[in-house]
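> I'd like to go over a predicted model; first the sequence, then the structure.
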Amino acid sequence: MDFFSPELLALMFAAGFFAGLVDAIAGGGGLITLPVLLTVGLSPIQAIATNKLQGSFGTFSATLNFVRKGHLDIRAWVLPIILTFVGAGSGVLVLRSVDSSFLVNAIPFLLIAIAVYFLFQRKLGEDDRHQRISRNVFAFFFGTSIGFYDGFFGPGTGSFFTLAIVTLLGYNMLKATAHAKLLNFTSNFASLLFFIFSDSLVWSVGLIMACGSILGGFLGAQLTMRHGARIIRPLLVLTSILMTIKLIHSNPDHILGQLWQEFGVSF
């Protein structure tokens, strides 16, 4: 396929832009980019690897914007960064030898739980709250595990980081989103390094999308800093629901898909 035709260039740039925008605010940009990557003819493993490339640029752009505006201190988060990196790299290695179908079945339930939690906890994240665990404990348990999940599977990583930071570290929604982007960039970059050595990347496509993702990530961070929880919470709920639908759609045998069909709704 001619990836440099004007139509495909515009499509890939636009997909990267909107993915970067959504990722910077609530996560879930892969909902936009992965279908596009598959549509233009990439294999599933090429699509996943190339998505990590464009996603790394988008989350880096958002993270850099948050740093410049003083919403996160990277030096205080060195241990979470290191352990998230280790977790993500381990996830990619395990992905090569283990069936991920059990995650495909489990993640929709977790995403629905996140959507319901933020939907009904309307005041959650508006202000800083009591910190339940230390940052180092968070790093060992959640940096490693969510990083591993991103390297192994991926959908919803930003939402999982945001939820964990808000509920366990007591950060407000803006600070939680900023630090979630830092860790999400870390896990994306670690996964990308491992995929580079697997020779699965389609560089031309990934770099075109990355240009849009950089712009989208910057704008998404600006919107997050301007509107805070008012924009983060509804978009986080929406993307969690959409990711759930996407996962069920790609796995019609899932118990939730069977329930939908039982009630006369077909994907």
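Right, received. Where do you want to start? Numbering: from 1, shown residues only.
> stretch 61-68: how far from the chain's middle?
16 Å (C-alpha atoms, centre = their mean, to the nearest Å).
> which SS class is K52?
With DSSP: H, G, I helix; E, B strand; the rest coil as the basis, K52 sits in helix.
> ok, it touching L193?
No. Applying C-beta atoms under 8 Å, one finds K52 not in contact with L193, separated by 9.2 Å. The C-beta positions use only the backbone N, C-alpha and C, and glycine is treated the same way.
> quick one: I165 and K181 touch, right?
No. The criterion here is C-beta under 8 Å, and I165 misses it with K181 at 10.7 Å.
> checking H130 next. Helix, strand or coil?
Following three-state DSSP, we place H130 in the coil state.
> tell me the contacts of it?
By C-beta atoms under 8 Å, 6 or more residues apart in numbering, H130 lies in contact with G170.
> so where is the stretch 51-200 of the chain shaky, pLDDT-wise?
96, 98-104, 106-107, 121-127 (pLDDT under 70).
> the strands in it, which residues?
Counting by DSSP state E, counting those that start in this stretch, the stretch 51-200 of the chain has no strands to list.
> those helices in it, which residues are they?
Per DSSP state H, counting those that start in this stretch, the stretch 51-200 of the chain carries helices over the ranges 78-95, 101-120, 135-138, 144-152, 157-164, 173-197.
> between the first one and helix 144-152, how big is the angle?
In other words, helix 78-95. 40 degrees (axes from the mean of the first three to the mean of the last three C-alpha atoms, to 10 degrees).
> specify the angle between helix 78-95 and helix 173-197 in degrees.
40 degrees.
> ok, the fifth one next?
Angle, helix 157-164 to helix 173-197, by the same axes, to 10 degrees: 140 degrees.
> then stretch 227-235 to PDB, C-alphas only?
Extracted in PDB, the C-alpha atoms of stretch 227-235 (Å, rounded to 0.1, in the frame of the first residue of the first chain):
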ATOM      1  CA  HIS A 227     -10.200  22.600  32.700                       C
ATOM      2  CA  GLY A 228      -9.000  20.000  35.200                       C
ATOM      3  CA  ALA A 229     -11.500  17.500  36.500                       C
ATOM      4  CA  ARG A 230     -14.300  19.000  34.500                       C
ATOM      5  CA  ILE A 231     -12.900  17.600  31.200                       C
ATOM      6  CA  ILE A 232     -10.800  14.700  32.600                       C
ATOM      7  CA  ARG A 233     -13.600  12.800  34.500                       C
ATOM      8  CA  PRO A 234     -16.200  12.700  31.700                       C
ATOM      9  CA  LEU A 235     -13.700  11.800  29.000                       C
END
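> for it, buried residues please.
228-229, 231-233, 235 (16 or more other C-beta atoms under 10 Å).
> relative to T63, how far out is A178?
Going from A178 to T63 by C-beta to C-beta, to the nearest Å gives 8 Å.
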